[in-house]
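Undergrad: need coordinates for the below:
(chains A and B)
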Amino acid sequence: MPEHGHDHHHDGHGHHGSELSDVELRVRALETVLTEKGYVDPAALDRIVEAYETRVGPHIGAAAVARAWVDPVFRAALLADASAAIAEAGIATHPGDHLIAVENTPSLHNIVVCTLCSCYPWAVLGLPPVWYKSFAYRSRTVKEPRRVLAEFGVILPETTQIRVWDSTAETRYLVLPMRPADTEGWDADRLATLVTRDSMVGTGQVLPPAAAP
Amino acid sequence: MNGVHDMGGMDGFGAIECLPNEPVFHAPWEGRVLAMSRALGGLQEWNIDIGRYWIELLPSDAYLASSYYERWLARLENLLVARDLVTKTELVAGHADGPGRPVKGRALTQADLGGVLTPGSFGRPATAPARFKIGDHVRARNIHPRTHTRLPRYVRGHVGVIELVHGCHVFPDAVVASGAEDPQWLYTVTFEGSTLWGPDSEAGLRISVDAFEPYLDAA
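TA: Residues are numbered from 1 along each chain as shown, chains lettered A, B, ... in the order given. The predicted model follows:
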């Protein structure tokens, strides 16, 4: 059953009311009512949108992963208490209290899902992509992760155990992927350019060294 | 509740479609819905658990036919009307008929952005020792509450192992049912794939859920 996607015919930039979709009209009506009643401040809403569009994103998680690759003390701290380690290192201002890092090894691959809604570590990865929120990902990942991973182009050896973390409480999971080969001597900033969002959810691999700028 | 939101293990939703270079918001209205939802948290008229429950309360056909932010929009409209914060008439008209009612919290301003971006803190002091420790075998209870729960159907009745102990956390089931936080020990419980899916399980698969102590019995 396809999930109804986003209405790309109405992007909210119409100059005439008749060009607005039903959902856009509802959102505008809601914001107007909430503003007139004093429940929201539109300027505060602008700041929230801006923060998620420009400041909170997977670059935060990538910085933590890359640091863990070059700094064994930080790696140990991250695996012991990811929230505290990321806060103390100044990597994220607001990592929250319940972040848990789980480490991939040659014999173990971690993958994160939320079957009940779409819980995701916003503080270190930003807002989730559409696929993470899709019914297909939410339903299938706990039952057939190898097939799911194959659709992402990730083919794991039969000998690799797959560990699925269903985020059913306020705990949030960040996958610590394996450092790519042939990156000896790289500093954390350069390594971070190889760390993709999907590699920190468990649906992708880090980029090969040749992909670094 | 045994709603369509509880999707773990279902078949039939097709392939996973990935969009390269996906924008954070696919249209400006999505960002407004997200921002309104976050900002309204400042009113303290409901918490995250109640918010999740009101998405679960959407009619099944509407849930399945809506995008993520369409569900958020419907949840917001329904909650605001149910809590007498706005009226349906106002939402249809697109204008307020009068000032807002007094609320427990307050409207957030730009200065509150840091608080909005900080994930909530759900740990609470323990009121009793933990019943289970790492390595214990536990059976997820066969419960089917009609209100909110975070124990997914696909693990109910099955035996797993305590892998992590997270301390006491706010118990979502109680928050929605009674408004009380009723903190409970929270555990990561890991199940073998073959336990959950029998001979249809993929090889070498383990799955965990984060489960509150009232979801579990010793096994």
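Undergrad: what does whichever helix or strand residue A:137 is part of rub up against?
TA: Using DSSP states H and E, the element containing residue A:137 is helix A:135-140. Contacts with helix A:135-140, where a contact means Cβ atoms under 8 Å, 6 or more residues apart in numbering or on different chains, come from A:1, A:3, A:113-115, A:118, A:131, A:147-148, B:7-17, B:64. Heads up, the C-betas are built off the backbone N, CA and C, glycines and all.
Undergrad: mind listing what's buried in it?
TA: A:135, A:136, A:137, A:138, A:139, A:140 (16 or more other Cβ atoms under 10 Å in any protein chain shown).
Undergrad: so which of the residues you listed is the closest to residue B:176?
TA: residue A:138 (20.6 Å; Cβ to Cβ).
Undergrad: anything in stretch A:90-104 near chain B?
TA: Yes: residues of stretch A:90-104 contacting chain B under Cβ under 8 Å from any Cβ of the partner chain: A:93, A:94, A:95, A:96, A:97, A:98, A:100.
Undergrad: okay, now the residue nearest to the second one when sequence neighbours are not counted: neighbour count?
TA: Translated: residue A:94. Once flanking residues are discounted, residue A:94 sits nearest to residue B:118: 3.9 Å by Cβ to Cβ, 6 or more residues apart in numbering or on different chains. Number of residues near residue B:118 (other Cβ atoms under 10 Å in any protein chain shown) recorded here: 15.
Undergrad: just residue B:203 next, same as before
TA: 11.
Undergrad: SS state for the nearest residue to it once chain neighbours are set aside?
TA: Spatially, and ignoring its direct neighbours in sequence, residue B:203 is nearest to residue A:158 (6.6 Å; Cβ to Cβ, 6+ apart). Put simply, residue A:158 is coil when judged by DSSP: H, G, I helix; E, B strand; the rest coil.
Undergrad: neighbours around residue A:158, how many?
TA: Residue A:158 has 8 neighbouring residues, counting by other Cβ under 10 Å.
Undergrad: didn't it look like it was pressed against residue A:146?
TA: No: here residue A:158 does not reach residue A:146: they are 9.0 Å apart, not a contact under Cβ atoms under 8 Å.
Undergrad: would JSON lines of the buried residues of helix A:135-140 with pLDDT be doable?
TA: Listed next are these as JSON lines, based on pLDDT from 0 to 100:
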{"residue": "A:135", "pLDDT": "98"}
{"residue": "A:136", "pLDDT": "98"}
{"residue": "A:137", "pLDDT": "98"}
{"residue": "A:138", "pLDDT": "98"}
{"residue": "A:139", "pLDDT": "98"}
{"residue": "A:140", "pLDDT": "98"}
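Undergrad: among those, find me the one that's closest to residue B:23.
TA: Checking the buried residues of helix A:135-140 one by one against residue B:23 (Cβ to Cβ), the nearest turns out to be residue A:137, at 18.7 Å.
Undergrad: for residue 205, what are its contacts?
TA: Chain wasn't specified; assuming chain A. Contacts of residue A:205 by Cβ under 8 Å, 6+ apart are A:154, A:177, A:196, A:199.
Undergrad: try chain B instead
TA: With contact set as Cβ under 8 Å, 6+ apart, residue B:205 has these partners: A:145, A:146, A:161, A:162, A:164, B:192, B:193, B:194.
Undergrad: so of those residues, which ones are in strands?
TA: A:161, A:162, A:164, B:192 (DSSP state E).
Undergrad: name only those of those residues that count as buried.
TA: Neighbour-count burial (16+ other Cβ under 10 Å) applied to these gives A:162, A:164, B:192.
Undergrad: what sits against the first one?
TA: It stands for residue A:162. Per Cβ under 8 Å, 6+ apart, neighbours of residue A:162: A:109, A:111, A:145, A:146, A:149, A:156, B:202, B:204, B:205, B:206.
Undergrad: quick one: contacts of the longest helix seen in chain A?
TA: Identified as the longest helix of chain A according to DSSP state H is helix A:22-36. With contact meaning Cβ under 8 Å, 6+ apart, helix A:22-36 is reached by A:7, A:10, A:12, A:14, A:17, A:20, A:40-42, A:45, B:27, B:29, B:32-33, B:36, B:40, B:70, B:73, B:76-77, B:80, B:86, B:90-96.
Undergrad: buried subset of those residues?
TA: Buried subset of those (neighbour count, 16+ other Cβ under 10 Å): A:7, A:10, A:12, A:20, A:40-41, A:45, B:27, B:29, B:32-33, B:36, B:40, B:70, B:73, B:76-77, B:80, B:86, B:90-91, B:96.
Undergrad: what is the worst-scoring helix or strand of chain B on mean pLDDT packed up against?
TA: Lowest by mean pLDDT, DSSP states H and E among the helices and strands of chain B is helix B:113-117, with a mean of 88. Judged by 3 or more Cβ pairs under 8 Å, 6 or more residues apart in numbering or on different chains; DSSP states H and E, helix B:113-117 is in contact with helix A:42-54.
Undergrad: quick one: is the helix it packs on near chain B?
TA: Yes: judged by Cβ under 8 Å from any Cβ, helix A:42-54 comes into contact with chain B through A:43, A:44, A:45, A:46, A:47, A:48, A:49, A:51, A:52, A:53.
Undergrad: list the residues that contact residue A:141.
TA: Contacts of residue A:141 by Cβ under 8 Å, 6+ apart are A:111, A:113, A:115, A:148, A:164.
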